[in-house]
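Peer 1: Give me a 3D structure for the following:
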Amino acid sequence: MVVKIATESLITLEGVSKVYQQPNGQTISILEPIDLELRSGEIVALLGPSGSGKSTLMRMIAGLIPPSAGQVLYHNRPLVGLNPGIAIVFQNFALYPWLTVLENVELGLKAKGELPEPRRQKALRMIDIIGLDGFENAYPKELSGGMRQRVGFARALAVEPELLCMDEPFSALDVLTAENLRFELLDLWLEKKIPTQAVLIVTHGIEEAVILADRIVVLGRNPGRIRAELTVPLPHYRDRKTPQFQAIVDQVYKILTNPDLSCETVPQPDTTLSQPQPAQSVQYQSLPQVRIGAVAGLLELLEDRKEKDLYRLGQELMLEVDDILPIVEAAKLMDFLAIQEGDLFLTAVGLEFIAGGIDRRKQIVRTQILGNIRLVQQISRMLQSKRNHRISEELILDILEAHFSPKEAMRQLQTAIDWGRYAELYSYDEPGGEIFLESEDKRE
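Peer 2: So this is what the prediction gives:
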């Protein structure tokens, strides 16, 4: 069992936020002011749903994009331009196909101005450490996905970064390859075979975060913000089956599935939860991009099910947090589900939905989205107020783009259209880009 202790501060974020201006002049807040410290000797995981700004935050730390407000400090000095002490491993390997393994690994060193022979020796050493010895002259197309990602790790580590940033580095790999590479990297870190002083990993996998990280930073979305920081006191290597490991995973699930959770904590004998920042109220309700059929499938799976723990349900379905949480969130918005201590419970409305036929289910969804979904309410009121009962989707997008990016606004609109069409609240003329009410006799 190995425990590493964090010491010196490498990176400090002071009130860092990110805002983008829309073509229509509106500003969209991607990240609210964030205070965060990354210290030598620790692995930190950034965990949160899609749209919480994980990758944006990492890119600001690396100096790839500037913050709109606040500052990034590197060794207690304001960062200007690219961070010289950081290297990044990307999700999609990001290799040059016309370069060999050795040439790809040398790229970072070449950019730093290393002379050819020292550059080659450093690259060869890291290729050997990362387990690619013998493949120096191979091209990326000759390598498996796992080996290509090893090249990405070798290239990042060859420049001897103080902070290694990893943006979902295992998500493009199959489960077994990802598991092997994850633990091989952990071996290199714990045995100090790599010069890196700290690691920052962006992930959507709760188990991955608990396996690797000494500290987990949980982000919320719309806009992105730190909701909680959890210290993981378990020594490496960690056993998924222990009650202590399961307790931390359950705690993270509880935070992610309770958007309004602020300073409430669940006592655990072997976990430590630092003071989370108070949750900020969002300006506009955000809809998960989920079809009603997925919600119905989850509800039916929960019927008469003894094990209702969200974490174990995700394990059984082989779904990551980004896959299962949107479905749970949609079911909660319609009051089909309640969540207590990470367990899912069907509400009376949810049970009624399961028991009903297709027509009854449509009626229930109609009632629930009209009562709970702000965007659906707005569309319905606008349709009722128009003489011809038709509105352009551009009108709705103009409203949404005051709160979301154009891409996200379109996703929000599409979800509202899908839900409304299922419930037979309104129809959609895709070629004409119009939402409309059918005549009462047709709807009946």
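
Peer 1: alpha carbons only for contacts and neighbour counts from here, please
Peer 2: Fine.

Peer 1: low-scoring stretches of the stretch 51-200 of the chain, by residue?
Peer 2: Applying pLDDT under 70 to the stretch 51-200 of the chain flags residues 93.

Peer 1: let's go with 80 and repeat that
Peer 2: 51, 91-94, 112, 130-132, 145-146, 170-181 (pLDDT under 80).

Peer 1: Model confidence score at residue 263, please.
Peer 2: We have a pLDDT of 37 for residue 263.

Peer 1: correction: residue 317
Peer 2: 69.

Peer 1: The one 4 residues further on too?
Peer 2: At residue 321, the pLDDT value in this model is 68.

Peer 1: Show me what the helix or strand where residue 29 lies is in contact with.
Peer 2: In the assignment (DSSP states H and E), residue 29 maps to strand 27-39. Strand 27-39 has contacts (CA atoms under 8 Å, 6 or more residues apart in numbering) with 6-22, 44, 52-53, 57, 69-70, 198, 222-226, 402-405.

Peer 1: Where does the prediction get shaky in the stretch 301-444 of the chain?
Peer 2: 303-324, 340-343, 402-403, 405, 438-444.

Peer 1: show me where it has strands.
Peer 2: Ranges of strands in the stretch 301-444 of the chain, per DSSP state E, counting those that start in this stretch, are 337-340, 343-346, 390-392, 427-429, 434-436.

Peer 1: Which one, of those strands, ends up nearest to residue 210?
Peer 2: Nearest to residue 210 among these is strand 343-346 (19.3 Å), distances taken as CA to CA.

Peer 1: which other residues reach that closest one?
Peer 2: 299, 302-303, 308-310, 336-339.

Peer 1: May I see the buried residues of that strand?
Peer 2: For strand 343-346, burial by neighbour count (16 or more other CA atoms under 10 Å) applies to 343-346.

Peer 1: need the residues you listed in TSV with distance to residue 355, can you?
Peer 2: Below are those laid out as TSV (distance: CA to CA, whole Å):
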residue	distance to residue 355
343	22
344	18
345	16
346	12
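
Peer 1: Just give me the closest of the residues you listed to residue 131.
Peer 2: Nearest to residue 131 out of the buried residues of strand 343-346 is residue 343 (CA to CA; 41.8 Å).

Peer 1: Is the closest one bridged to anything, and to what?
Peer 2: residue 309, residue 340 (DSSP bridges).

Peer 1: just so I know, which of the strands of the stretch 301-444 of the chain lies nearest residue 119?
Peer 2: strand 343-346 (53.4 Å).

Peer 1: tell me what the helix or strand containing residue 300 is packed against?
Peer 2: For residue 300, the host element (DSSP H and E) is helix 292-302. On a contact count with 3 or more CA pairs under 8 Å, 6 or more residues apart in numbering; DSSP states H and E, helix 292-302 meets helix 321-333, strand 343-346, helix 348-355.

Peer 1: Show me which of the contacts of strand 27-39 are buried.
Peer 2: Using 16+ other CA under 10 Å, the buried ones in those are 9-18, 44, 52-53, 57, 70, 198, 222-226, 402-405.

Peer 1: In strands only, show me those residues.
Peer 2: Those of these mapping onto strands are 9-18, 44, 70, 198, 225-226, per DSSP state E.

Peer 1: Identify the farthest-apart pair in those residues.
Peer 2: 18 and 198 (24.2 Å).

Peer 1: can you pull the buried residues of the strand holding residue 29?
Peer 2: 27-35, 38-39.

Peer 1: tell me which element the nearest residue to residue 155 once chain neighbours are set aside is part of?
Peer 2: Closest residue in space to residue 155, ignoring its immediate chain neighbours: residue 105 at 4.0 Å, by CA to CA, 6 or more residues apart in numbering. Residue 105 is located in helix 101-111, with elements delineated by DSSP H and E.

Peer 1: List the contacts of residue 332.
Peer 2: Per CA under 8 Å, 6+ apart, neighbours of residue 332: residue 338.

Peer 1: Can you tell me how far it is from residue 90?
Peer 2: Using CA to CA, to the nearest Å, residue 332 is found at 34 Å from residue 90.

Peer 1: And residue 369, by the same measure?
Peer 2: Taking CA to CA, one finds residue 369 at 39 Å from residue 90.

Peer 1: how about the nearest residue to residue 59, chain neighbours excluded?
Peer 2: Sequence neighbours aside, residue 65 is the residue nearest to residue 59 in space, at 6.0 Å (criterion: CA to CA, 6+ apart).

Peer 1: same deal with residue 422?
Peer 2: Residue 422's closest residue in space is residue 362 (CA to CA, 6+ apart), at 6.6 Å.

Peer 1: picking that back up, which one among the contacts of strand 343-346 gets closest to residue 434?
Peer 2: Ranked by distance to residue 434 (CA to CA), these are led by residue 336 at 29.8 Å.

Peer 1: Help me confirm that the closest one comes into contact with residue 349.
Peer 2: Yes - with contact defined as CA atoms under 8 Å, residue 336 and residue 349 form a contacting pair (5.6 Å).

Peer 1: more neighbours, these two?
Peer 2: residue 336 (26 against 16; other CA atoms under 10 Å).

Peer 1: and the more buried one, what does it touch?
Peer 2: 299, 346-351.

Peer 1: and the buried residues of strand 27-39 as CSV, adding pLDDT and distance to residue 115?
Peer 2: Formatted as CSV, those follow (pLDDT from 0 to 100; distance: CA to CA, whole Å):
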residue, pLDDT, distance to residue 115
27, 77, 46
28, 78, 45
29, 82, 44
30, 82, 41
31, 86, 40
32, 86, 43
33, 89, 42
34, 89, 40
35, 91, 39
38, 91, 32
39, 91, 31
